[in-house]
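1. no FASTA, just this:
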């Protein structure tokens, strides 16, 4: 069996065990600098993926990440951040890891090699969903099982890998291949490959949420203010967008159960809370469309 690129030895770090602590982190930093450039080379495919995902989300579909090991954990991490950041339902963006939830904290031996487990986990997929399979090597049998089931369900699929010879790339509708090169420690794909995957997943979820109207300009207008820090942020957002005082923003947010978009709409349109909600509903919840009706806010 030929060695995959994620297992290559990095000539730049072959004597890393002889270096001082400062020299070690300098070497790691040198390699990390290459990651953003590798991601840059795949921006067109990442943009295509965002368009695919946002289209399905607008059809009430879901974005579901599948991965094993580090890749599975990164998928769960990205998915878990979407509800508090964008106020989406918890099932809209999901992360599934080979071996089940317990594998998030403790590796499950052989989980990535179980083809049938991948098929089983992917039974939740429908034709309205998008499945993103994540793997540095791109070869886990678990993900091939996911893709086979997804294809049978007519689910749109995206492969995110760091290996141009990845098997998952052969089965997915779209492939994002971020080739970061050999790791600082041979085979330790939690490092550069993991960083690359995290960057791409951030782009996929954030870009998709922007496309379906979960932001206004670069404000996080659908956040859930569940603590004092987030409540303070909500007040500042409302005050800035609606061009009002913090006191007025706070007063309105309290009246509408801390719904940022509703508060902005109520203040800008000079209407009561229920009318503001109806106006947003008429514009499919997209604040930009509501506020630019008469160009009241730029």
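-> Done, it's in. Bear in mind that the values here come from a model prediction, so they are computed numbers and not experimental data. Residues are numbered from 1 along each chain as shown.

2. Any chance you could list what contacts the one helix or strand in the chain whose mean pLDDT sits lowest?
-> The helix or strand of the chain with the poorest confidence is helix 287-291; it has a mean of 92 (mean pLDDT, DSSP states H and E). Around helix 287-291, the neighbours that count as contacts under CB atoms under 8 Å, 6 or more residues apart in numbering are 213, 216, 221, 241, 261, 264-265, 268-269, 279-280, 282-283, 297. No exception for glycine: its C-beta is placed from N, CA and C like everyone else's.

3. Strands of this protein, start to end?
-> Listed in chain order, the strands of the chain (DSSP state E) span residues 63-67, 93-97, 130-135, 156-161, 174-177.

4. winner for burial among those strands?
-> Each of the strands of the chain was scored by mean neighbour count; the highest is strand 130-135, a mean of 30, by mean count of other CB atoms under 10 Å.

5. In stretch 46-64, which of the residues would be classed as buried?
-> 46, 49-50, 52-57, 61-64 (16 or more other CB atoms under 10 Å).

6. before we move on, back to that, mark which of the contacts of helix 287-291 are part of helices, please.
-> 241, 261, 264, 265, 268, 269, 279, 280, 282 (DSSP state H).

7. Mark which of the residues you listed are buried, thanks.
-> Using 16+ other CB under 10 Å, the buried members of the ones in helices among the contacts of helix 287-291 are 241, 261, 264, 265, 268, 269, 279, 280.

8. re earlier: widest-spaced pair of the contacts of helix 287-291?
-> Using CB to CB, the contacts of helix 287-291 reach their maximum pairwise distance at 241 and 282, which is 18.8 Å.

9. Please name the residues that touch residue 210.
-> Applying CB under 8 Å, 6+ apart, no residues contact residue 210.

10. And it, how close does it get to residue 279?
-> 21 Å (CB to CB, to the nearest Å).

11. Do a quick rundown of the helices in the stretch 101-250 of the chain.
-> 115-121, 141-152, 168-171, 192-211, 228-242, 246-255 (DSSP state H, counting those that start in this stretch).

12. Would you tell me which of the ones you listed gets closest to residue 5?
-> helix 192-211 (9.6 Å).

13. tell me the angle of the closest one relative to strand 156-161?
-> 150 degrees (axes from the mean of the first three to the mean of the last three CA atoms, to 10 degrees).
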